[in-house]
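Trainee: Need a 3D model of the following:
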Amino acid sequence: MLRSVLLLRALSRPRGWPGGGPLLRDAPGLLLGQDRPLRAAAPPGSRGLCWAGKLYRHFTTEASQATLASVSPVFAVMKLDKEGNATFFEKKKTELYQELGLQARDLRFQHLMSIATRNNRIIMRMEFLKAVITPEFLLILDYRNLNLEHWLFTELTSQLSGEGQLVTYSLPFEFRAIEAILQYRISRLQGRLNTLQPQILETLEALVDPKLLSVDRSKLHILLQNGKSLSELETDLKVFKETILEILDEEELIEELCLSKWTDPQVFEESTSGIDHAEEMELLLENYYRQAEDLVNEARELRVLIDDSESIIFINLDRYFFLL
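Mentor: Numbering: from 1, shown residues only. Presented below is the predicted three-dimensional model:
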């Protein structure tokens, strides 16, 4: 009995302690009842280094995870329900996508214009506006950075509550949310065109007048800037149209946008026996596609006008330099 106790004490001592090394080297039996032979003894101090390495990796991993969690983006969220009531809160990106049943990539918003569905959620981005739509509520993310206080707190809330001028009030909530956001986007594009059009026409009129004996070079600079802005507008209109068209070309994508159809039995019954919600969604998207097409045509007319005026502008410039 005494011999067993001494053996256990010796085995528990680190190598190099008095009585520890020889016993570890010479013990021919089994260790603590195990049925495998003892492995070769480790060099002095190696066990401590190994343990220290594991401890360092453990704390390094925990520190890395803590760092990642601390730098996770925080969304300032505006939540609007079916009655247009708004609540505000901040939520880490990791927490938000988990609560919504989404994945991290769903809230990256890599494109300036996108409409996608994930797990019975609609994820939309219209330039700076980032939104998530569910059958029950609408989330506007990073609403503080939008500079759209009037639209968010006045127009959008009234539209969602049924006091606006949408055509989708008889349909489920997601229709109202989609229409309100598409209307916002198309109105922004229309506003940019309304600003550019008179400026371009006025500048062209000043530059192509044959009675002028000189050319205002500042007008040329304005025309160049307006031409650049017009090109950016044409690109944004093209992206808007293509995004809508991608959905219109796929019946399955249109169906996926009808969220309530797949979550509310009553809505599903209405969609199959009465109101075809997929058809209503298609009509909604087609309406805004046509509005974008009209804006494209107006922008194209301005572009043609600029191109056709170039020759006259160059003639006036030549006359101006000749007179100099």
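Trainee: in the chain, which spans are helices?
Mentor: Listed in chain order, the helices of the chain (DSSP state H) span 2-12, 20-26, 46-70, 93-99, 149-150, 157-161, 173-208, 217-248, 251-257, 259-263, 265-273, 277-323.
Trainee: Compare the mean pLDDT across those helices and name the weakest.
Mentor: The minimum mean pLDDT among the helices of the chain belongs to helix 20-26 (a mean of 38).
Trainee: coming back round to it: relative to Ser114, which of the helices of the chain is closest?
Mentor: Closest to Ser114 of those, according to C-beta to C-beta: helix 217-248, at 6.5 Å. Every residue, glycine included, has its C-beta placed from N, CA and C.
Trainee: I'd like to know which elements that closest one is packed against.
Mentor: Judged by 3 or more C-beta pairs under 8 Å, 6 or more residues apart in numbering; DSSP states H and E, helix 217-248 is in contact with strand 113-118, helix 173-208, helix 251-257, helix 277-323.
Trainee: same for the longest one, what does it pack against?
Mentor: Yep, that's helix 277-323 we're talking about. Helices and strands touching helix 277-323, by 3+ C-beta pairs under 8 Å, 6+ apart, are helix 173-208, helix 217-248, helix 251-257, helix 259-263, helix 265-273.
Trainee: Likewise for the shortest one?
Mentor: In this structure, strand 113-118 makes packing contacts with strand 121-126, helix 217-248, helix 251-257, judged by 3+ C-beta pairs under 8 Å, 6+ apart.
Trainee: Ala206: which of those is closest?
Mentor: Nearest to Ala206, of those and by C-beta to C-beta, is helix 217-248 at 5.2 Å.
Trainee: re the thing from before, the helices of the chain: which one's closest to Ile123?
Mentor: It's helix 93-99; of the helices of the chain, that one is closest to Ile123 (C-beta to C-beta) at 10.1 Å.
Trainee: Show me which residues of that closest one are buried.
Mentor: By 16 or more other C-beta atoms under 10 Å, the buried positions in helix 93-99 come out as Leu96, Tyr97.
Trainee: Since that was my last question, I'll sign off now.
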